[in-house]
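J.: quick one, what's the 3D model for this:
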Amino acid sequence: MANTSKTKRPSTQQYLDIAEIHDGVVVLKDGSLRAVLMVSSVNFALKSEKEKDAIIFNFQNFLNYLTFDIQVLIRSRRLDLRDYMKNMNEVAKKQKNPQLRDQTNAYISFIESLLEVANIMDKKFFVVVPFYPNVVQATSGFASKIKDAIKPAGNGPVHMGNFEENRIQLMQRVDVVVGQLSGMELRCASLDTQELIDLFYASYNPDTAQNQKLVAVDQITNNIITAAEDKPEGTELMEI
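T.: Below is the predicted model of the structure:
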């Protein structure tokens, strides 16, 4: 009898380091946690020399103050104005004043012509704050280090017993980062669960994310099946 069994194809998620996302925290397969802050930007070129020196000095103090690693994530995407243009067309249709309607249509035409000749990029800045619950075990013996090298922690199960305790310690680190960045006139917002999912979805599926938006997590009722030009779109990651 012929063997009709089919080899199970590995899921794409098998190759990702992310185990799950909940309570505004990314849980990796090695059990470590990540929080992501979206940070505002400063137009450095428009600052005076005195203001520039102050920003550089504060950033230097920020780096020296940290007792843990962080990552700075810079994401560049073409600005999607389709919803905005759709709303503007609706406004023009409902406008009863002929002059205002003509001005609105002229504005719409200007934006459409601008989009045809220029790639308007949207840049977002993020700071990734990590926490490693098992950091104390990093000083284990030589035999344990050899074992970890042969079988990395990322291949094992994720232990969530102390998640809330670890999350509290992670949030303490987040508060440190927010406090230091606030001294440089930078506003910070911690991404919640839905925003984290949207961020990773757009990062791994940049083209699909433009046309197909994700359904909000709280609206999912079915079972989940785990299954460039001058300046191209992309993601830059800097270790600090």
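J.: secondary structure class for F59?
T.: Secondary structure assignment for F59 (DSSP: H, G, I helix; E, B strand; the rest coil): helix.
J.: excluding its backbone neighbours, what's nearest it?
T.: M184 (6.3 Å; C-beta to C-beta, 6 or more residues apart in numbering). Heads up, the C-betas are built off the backbone N, CA and C, glycines and all.
J.: where does the protein have low pLDDT?
T.: Scanning the chain for pLDDT under 70 picks out 1-13, 135-161, 207-240.
J.: change it to 90
T.: 1-22, 29-31, 41-45, 75-84, 95-96, 98, 111-124, 133-164, 182-185, 197-240 (pLDDT under 90).
J.: related to what we said a few turns ago, tell me the phi and psi of the residue nearest to F59?
T.: Dihedral angles of M184 (phi, psi; degrees, to the nearest 10) stand at phi -100, psi 20.
J.: how many residues are close by it?
T.: For M184, the count of nearby residues is 17 (other C-beta atoms under 10 Å).
J.: quick check, it in contact with F44.
T.: No - the criterion here is C-beta atoms under 8 Å, and M184 misses it with F44 at 10.7 Å.
J.: overlap in contacts, the two.
T.: Residues within reach of M184 and of F44 at once, by C-beta atoms under 8 Å, 6 or more residues apart in numbering, are I55.
J.: all strands of this protein, in order?
T.: 18-22, 25-28, 33-39, 71-78, 121-131, 188-190, 234-239 (DSSP state E).
J.: rebuild those as CSV, extending it with mean neighbour count and distance to S203.
T.: Formatted as CSV, the strands of the chain follow (neighbours: other C-beta atoms under 10 Å; distance: least, C-beta to C-beta, whole Å):
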stretch, mean neighbour count, distance to S203
strand 18-22, 15, 11
strand 25-28, 21, 12
strand 33-39, 20, 11
strand 71-78, 16, 7
strand 121-131, 17, 10
strand 188-190, 16, 18
strand 234-239, 11, 6
